[in-house]
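[1] everything below, folded, please.
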Amino acid sequence: MTHLQPGSWFRRGVAPIAIVMTAAALDACTTNTAFERLTEARRLSAELLIQFTQASNAANQAVMADTDEASVAFAKRAEESKQTVEKNAGLLRPLLQQLNYSDEHGLLETFTKEFAAYRGLDGRILELAVENTNLKAQRLSFGEAQQAADAFTESLNAVATAVPANDAWRVKALVAGAVADLRAIQVAQGPHIAEADDAVMTRIEQRMKTSETGVRSALDAVGQVAPPASRPRLAAARMAFDRFIAVNAQIVDLSRRNTNVRSLMLTLNEKAKITSACENTLRALQDALSKRGVGGSR
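    Modelled structure (predicted):
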C-alpha cells in the first residue's frame, strides 16, 4: 500500500488544475491582445482611406482655387493629410506583421508603393498650382491691360475730333483700324491663357504681333496729319499703347508657363488614375480586415 506524504494528494490534484488555468489565462490574454490589434488595424485602415481622400480633395481644391492665398492654404492642408497617411501606414504595418496577416500586409505594401508615386505627382501638381500663372495672366488682361486699352482709345478718339474736316474721314478710319487691332490683341489674350499647346500659342502671338504692327503704323499715319494742338493727345495714346504692349508681354510670359492649365491636366489625367488605384487598394485592405476573426480566421 502506497503511503502519501501529508499534503501530497493536494499538490497532485491542484498542480494540473493550475497548469490548465494558467494556460487558459494565457490563451485569453493572447486572444484579447489579438482582438485589440485587429480592432486597431481596422481603425487605422479606415483612417488611411479618410486621410488619403482628404489629401486628394484638398489638392484638387488647390488647383481650382481662384486666389494665391487659397491655393497655398489648400496645398498645406493636402500636405498635412499626406503626412498623416504615412504615419498611419507606419503604425499599421507592425500590427499586420504581429497578426501574421500576410495578405493584408501585401495590400499595405502595394498601397505604400502607389502612394509614393501619388506623392511625387501630387507634389509637382501643387508646385504648379500655387504659382497660378494663368490666373495672374487673366487678372492682368482684365485689369492693367484693359485700363491701358481704354486710355489708348480715349486719347486717340480725342485726336480724331481735333483733325480738320478735310482729313477727318481718313483719320477716323485710321483710328478705327488702330482700335480694332488693339481689341484683336485683347481678344487673343483669353485663348492664349487657356491654351495648353505651345504651337497654338505661337500662332496666337504671331497674330498679336501683326496687330501691334497695324496699330503702330496707324499712329504714325495719324501723326502726319494731326494738328499741333492734338499732339499731346497723340503722345498720350502712344504711351498708353506702349503700356498695353508691355502688360501684354507679361500676360504672354505668364500664360506660357501655363501652371494652372498644366496642373489641371495632370489632375484630370495622370493623378485621377493613380488616385483610383490607391483608393481601390485601401478599400481592399479594409474589406480583408473586416472579414478577419479574432484568431485570424476568415
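[2] so what's the residue count around the residue nearest to residue 48 when sequence neighbours are not counted?
    Spatial nearest neighbour of residue 48, excluding adjacent residues (C-beta to C-beta, 6 or more residues apart in numbering): residue 88 at 5.1 Å. From N, CA and C alone the C-beta is placed, and that goes for glycine too. The number of residues packed near residue 88 is 20, by other C-beta atoms under 10 Å.
[3] and residue 88, how close does it get to residue 39?
    To residue 39, residue 88 is 15 Å away according to C-beta to C-beta, to the nearest Å.
[4] same check, this time on residue 217
    In terms of C-beta to C-beta, residue 217 sits 80 Å off from residue 39.
[5] picking up where we left off before, mind listing what the residue nearest to residue 48 touches?
    Contact analysis of residue 88 by C-beta atoms under 8 Å, 6 or more residues apart in numbering lists 44, 47-48, 51.
[6] most neighbours among those residues, which one?
    Highest neighbour count within these: residue 48, with 26 neighbours (other C-beta under 10 Å).
[7] what's the helix or strand for that residue?
    Using DSSP states H and E, the element containing residue 48 is helix 8-64.
[8] can you name the next helix or strand after that helix?
    Heading C-terminal from helix 8-64 (DSSP H and E), you reach helix 68-98.
[9] how about that following helix: buried residues?
    Using 16 or more other C-beta atoms under 10 Å as the test for burial, helix 68-98 gives 71-75, 77-79, 81-82, 84-85, 88-89, 92-93, 95-96.
[10] outline the domain layout of this protein.
    15-131+260-290, 135-257 (automatic domain parsing).
[11] ok, now how distant is the residue nearest to residue 48 from residue 75?
    According to C-beta to C-beta, residue 88 and residue 75 sit 21 Å apart.
[12] so which residues make contact with stretch 96-114?
    For stretch 96-114, contacts defined as C-beta under 8 Å, 6+ apart pick out 34, 37-38, 41, 48, 89, 92-93, 274, 277-278, 281-282, 284-285, 288-289, 292, 296.
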